[in-house]
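**Q** below are the sequence and a predicted model for it; my questions follow.
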Amino acid sequence: MTRSPSAVTQVVAIGIGAALFFVLGRFVAIPTPVPNTSISIQYAILAVFAVLYGPWVGALAGFIGHLLIDATGYGIWISWELASGVFGLVVGLLLLRNAIGDGEFTRATAARFSLAVVLANAVAWLLVAPLGDLLIYSEPANKVWTQGALAFVSNSITACVLGTVILSVYARTRTRTGSLSHDR
Amino acid sequence: MTTPVLGYIDRRGPLHALSGVSKLVLALGVVLGAMLGFDVRYLAVVAAGSIVLWGVSRVRVRDLAVVIWLIAIFMTLNNIGIFLFAPGYGTELFGTRHVLVDGPWRWDLTSEQLFYQLAVTLKYVAVLPSVLLFVATTRPPEFASSLARIGVPYRIAYSVSLALRYIPDVQREFRTISQAQQARGLDTTRGAGLRTRLRNLTSVLMPLLLGTFDRIESISSAMELRGFGRGRRRTWLVSTPLRTPDVLLMVVAAVLVAVPAVLLVVNGGRFWNPFV
């Protein structure tokens, strides 16, 4: 049995997901050996939210959270904010009808999740963000593709590893369906 | 972590007195206008206007010094990046080539490239002050009600309001959990190596997330019990009525969006080309 969260739960999940995205993106940056890129753990959280609460929560939490980060920091850069939303949307769509809420996180689900994350990252950072930069900001093509590729690689790895860990721990906290047996 | 979130600055100024709706419309107008337009003259006018607005607002540069520094660094890096990756992009756009400095290999400095990068930088200077001013002069609750009043569905506006409401809570919880784990010997600061740091961070994230899921459940039950989402509209605690200056501001916003659209036709493209 898969349940879909109620409309009110979705509203709350969007708000709190955006708040989490904002806090993690704004204050928790882990610098990497590669200059100018940091590991953004907020995308792992966003993927988890998209899986548990559905594609629209993923899309809006990502978009609002990223917009808040940018409005209070680096300035609005609409193409990348849209890409965050698209990432959440795609992960959520590819994992519709999962049974993680019922405590089922099998290897097959983990593989499906990883695949979805990589695919969603590809759409967001290799398609939406660079195209937006080209169309809206008229940036040179090779620069935006390089930036997009860097973001794709680092976000894919982080979201896959961290997201899988989080979901498997979460699944263990849920009561499995059919976990009770008849005592004769 | 102790810095106040979303830098609302409580100081009575002319911009503080305006309604959130008109300020939001203006900020949107500037963002949209600068998104469309790449005409340097237009961008320069908007940038100048933004700076004048800043002067009027009684928000001091010192209030937002950290943010401005961040932006300046980002802007410089972006400019260097553009030049390193595409030093000939200006020539490609404008179709002429005036070399100023003969650099190594393909990195010749042309006036077309400088002009293009000036436009990119001006885009920043035009948009940023208005967005920062909006954030600094609008109370977070009014932000959400303004969104609803310009036509965003109220459920989404309410999520934005929830996000703003819970950012400090999430921050506090993150800090508490992180300190508790550090007391147990799990280092998540710069001192630890990348691998240990990532592993330790997971042990901070897990309790934070599980706590968040519980919180989502209790908030949504509370909202459901109070009948959230039953009606087609809802009222907002904070909303300022529109007055003459607000209407004027919204007219300015409309003009800001209209001008680049007209310039697109006049210039026959996105860029104004002074080189031909």
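**A** Right, received. Where do you want to start?
**Q** what about stretch B:12-19, distance to the chain center?
**A** From the chain centre to the centre of stretch B:12-19 is a distance of 20 Å (CA atoms, centre = their mean, to the nearest Å).
**Q** give the helix, strand or coil label for A:Leu93.
**A** Classification of A:Leu93 by DSSP: H, G, I helix; E, B strand; the rest coil places it in helix.
**Q** can you pull the contacts of the nearest residue to it once chain neighbours are set aside?
**A** Distances taken as CB to CB, 6 or more residues apart in numbering or on different chains place A:Pro55 nearest to A:Leu93, at 4.6 Å, with adjacent residues excluded. For every residue, glycine as well, the C-beta is placed using N, CA and C. The contact partners of A:Pro55, by CB atoms under 8 Å, 6 or more residues apart in numbering or on different chains, come to A:Gly88, A:Leu89, A:Val90, A:Val91, A:Gly92, A:Leu93, A:Leu96.
**Q** what's the burial count for the last one?
**A** Summarising burial for A:Leu96: neighbours were counted as other CB atoms under 10 Å in any protein chain shown, giving 11.
**Q** is it true that it touches A:Gly54?
**A** Yes. Using CB atoms under 8 Å, A:Leu96 is in contact with A:Gly54, at 7.4 Å.
**Q** pull out the buried positions in the lengthiest helix in chain A.
**A** Longest helix in chain A by number of residues, with DSSP state H as the criterion: helix A:141-173. Neighbour counts over helix A:141-173 (16 or more other CB atoms under 10 Å in any protein chain shown) mark A:143-145, A:147-148, A:151-152, A:154-156, A:158-160, A:162-167, A:170-171 as buried.
**Q** restrict these to those near chain B?
**A** A:Lys143, A:Gln147, A:Leu162, A:Val165, A:Ile166, A:Tyr170 (CB under 8 Å from any CB of the partner chain).
**Q** what about the closest residue to the third one other than its chain neighbours, how many neighbours?
**A** Ranked by CB to CB, 6+ apart and with sequence neighbours excluded, the top spatial neighbour of A:Leu162 is A:Ala44, at 3.6 Å. Other residues near A:Ala44 come to 27 when the count uses other CB under 10 Å.
**Q** what average pLDDT does the helix or strand containing A:Ala44 get?
**A** Element membership for A:Ala44 (DSSP states H and E) is helix A:42-53. On average, the pLDDT along helix A:42-53 is 92.
**Q** between that helix and helix A:141-173, how big is the angle?
**A** Calculated by axes from the mean of the first three to the mean of the last three CA atoms, to 10 degrees, helix A:42-53 forms an angle of 50 degrees with helix A:141-173.
**Q** give the other helices and strands that helix A:42-53 contacts.
**A** helix A:7-27, helix A:55-71, helix A:78-94, helix A:107-123, helix A:141-173, helix B:194-225 (3 or more CB pairs under 8 Å, 6 or more residues apart in numbering or on different chains; DSSP states H and E).
**Q** can you list those helices in CSV and add distance to B:Val30?
**A** Output for the helices and strands packed on helix A:42-53, formatted as CSV (distance: least, CB to CB, whole Å):
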stretch, distance to B:Val30
helix A:7-27, 23
helix A:55-71, 13
helix A:78-94, 12
helix A:107-123, 29
helix A:141-173, 23
helix B:194-225, 34
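**Q** nearest to B:Ala136, out of those helices?
**A** helix A:55-71 (10.6 Å; CB to CB).
**Q** for the closest one, list the C-alpha coordinates in CSV.
**A** Presented in CSV, the C-alpha positions along helix A:55-71 are these (Å, rounded to 0.1, in the frame of the first residue of the first chain):
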residue,chain,number,x,y,z
PRO,A,55,7.4,15.7,-7.2
TRP,A,56,5.6,19.0,-6.5
VAL,A,57,7.1,19.2,-3.1
GLY,A,58,10.5,18.5,-4.5
ALA,A,59,10.1,21.1,-7.2
LEU,A,60,8.8,23.9,-5.1
ALA,A,61,11.0,23.3,-2.0
GLY,A,62,14.0,23.4,-4.3
PHE,A,63,12.9,26.5,-6.1
ILE,A,64,11.9,28.5,-3.0
GLY,A,65,14.9,27.3,-1.0
HIS,A,66,17.3,28.3,-3.7
LEU,A,67,15.6,31.6,-4.3
LEU,A,68,15.9,32.4,-0.6
ILE,A,69,19.6,31.5,-0.6
ASP,A,70,20.2,33.7,-3.6
ALA,A,71,18.1,36.6,-2.5
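**Q** in that helix, what's buried?
**A** A:55-71.
**Q** got the phi/psi numbers for B:Arg12?
**A** phi -70, psi 120 (degrees, to the nearest 10).
**Q** how many other residues sit next to it?
**A** With other CB under 10 Å as criterion, B:Arg12 counts 8.
**Q** could you report the distance from it to chain A?
**A** From B:Arg12 across to chain A, the span is 22 Å (CB to the nearest CB, to the nearest Å).
**Q** gap between that residue and A:Ala110?
**A** Distance, B:Arg12 to A:Ala110, by CB to CB, to the nearest Å: 56 Å.
**Q** picking up where we left off before, now render the contacts of A:Pro55 as CSV, adding pLDDT.
**A** Conversion of the contacts of A:Pro55 to CSV gives the following (pLDDT from 0 to 100):
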residue, pLDDT
A:Gly88, 94
A:Leu89, 94
A:Val90, 94
A:Val91, 93
A:Gly92, 92
A:Leu93, 93
A:Leu96, 87
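**Q** rewinding a little: wait, the residue nearest to A:Leu162 touches A:Leu167, no?
**A** No. Look at A:Ala44 against A:Leu167 with CB under 8 Å: they stay out of range, at 9.7 Å.
**Q** tell me which helix or strand of the chain sits lowest on mean pLDDT?
**A** Answering for chain A, as no chain was given. strand A:30-31 (a mean of 64; mean pLDDT, DSSP states H and E).
**Q** wait, chain B
**A** For chain B, judged by mean pLDDT, DSSP H and E, that is strand B:99-101, with a mean of 78.
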